[in-house]
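J.: Sequence plus predicted model, see below.
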Amino acid sequence: MRTTPVEDAGSAIAEFVMVSALVLALLLGVVQVALAVHVRSLTTDAAAEGARLAGRADRDLDDGVARTRALIAAALSGDFAEEVTARSVTRDGLPVVEVTVVAPLPVVGLLGPSGSLTVRGHALDEAP
């Protein structure tokens, strides 16, 4: 009959708990990074869509801001669409509409600290 030394009694349970906690923390970190990239992608797409709408000949900058806010509010939350601005700029001699979105950077779920994420969308201005 084999006996185990007293020093090793229960060490498998403690090891399982420590390794499980480490794996869980790593998994939550990966999910959080994926959520931050998702928020960045959605806000960038909404800014680009708003710039395309504002750049049309029959629309103005306020239409682009409203469209950007509506897209962000529908996809994420209205909190992410509070700071949306649009302006006309010139790039390489061409008139361009630029829509800028400043949104909170998600750190725990969709909650964010004072840090922010700034994205810009651009489109050619079709207005004469």
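T.: Received, thanks.
J.: which residue ends up closest to the midpoint of this protein in space?
T.: Compute the mean C-alpha point of the chain, and by CA atoms, centre = their mean the closest residue is Val39, 1.9 Å away.
J.: Which residues are in contact with that residue?
T.: Leu76, Phe80, Ala103, Leu105, Pro106, Leu110, Leu117 (CB atoms under 8 Å, 6 or more residues apart in numbering). Where C-beta positions appear, they are placed from N, C-alpha and C, glycine not excepted.
J.: next SSE after the helix or strand encompassing it?
T.: Applying DSSP states H and E as the criterion places Val39 in helix 11-54. Using DSSP H and E, the helix or strand that follows helix 11-54 in sequence is helix 61-75.
J.: Contact partners for Arg56?
T.: For Arg56, the contacting residues are Glu126, by CB under 8 Å, 6+ apart.
J.: What of the one 3 residues further on?
T.: Contacts for Arg59 (CB under 8 Å, 6+ apart) come out as Leu53.
J.: Can you name every helix or strand that the longest strand belonging to the chain contacts?
T.: As assigned by DSSP state E, the longest strand anywhere in the chain is strand 94-104. Strand 94-104 sits against helix 11-54, helix 61-75, strand 83-91, strand 116-124, with contacts defined as 3 or more CB pairs under 8 Å, 6 or more residues apart in numbering; DSSP states H and E.
J.: who's in contact with Ala81?
T.: Applying CB under 8 Å, 6+ apart, we find Ala81 in contact with Ala46, Thr68, Arg69, Ala70, Ile72, Ala73, Val101, Ala103.
J.: actually Leu61, not the one I wrote
T.: Counting by CB under 8 Å, 6+ apart, Leu61 touches Ala54, Ala86, Arg87, Ser88, Val97.
J.: List only those of these flagged as buried.
T.: If you count burial by 16 or more other CB atoms under 10 Å, the buried members of the contacts of Leu61 come out as Ala54, Ala86, Val97.
J.: Could you check how many residues crowd around Leu76?
T.: Per other CB atoms under 10 Å, the neighbour tally for Leu76 reads 18.
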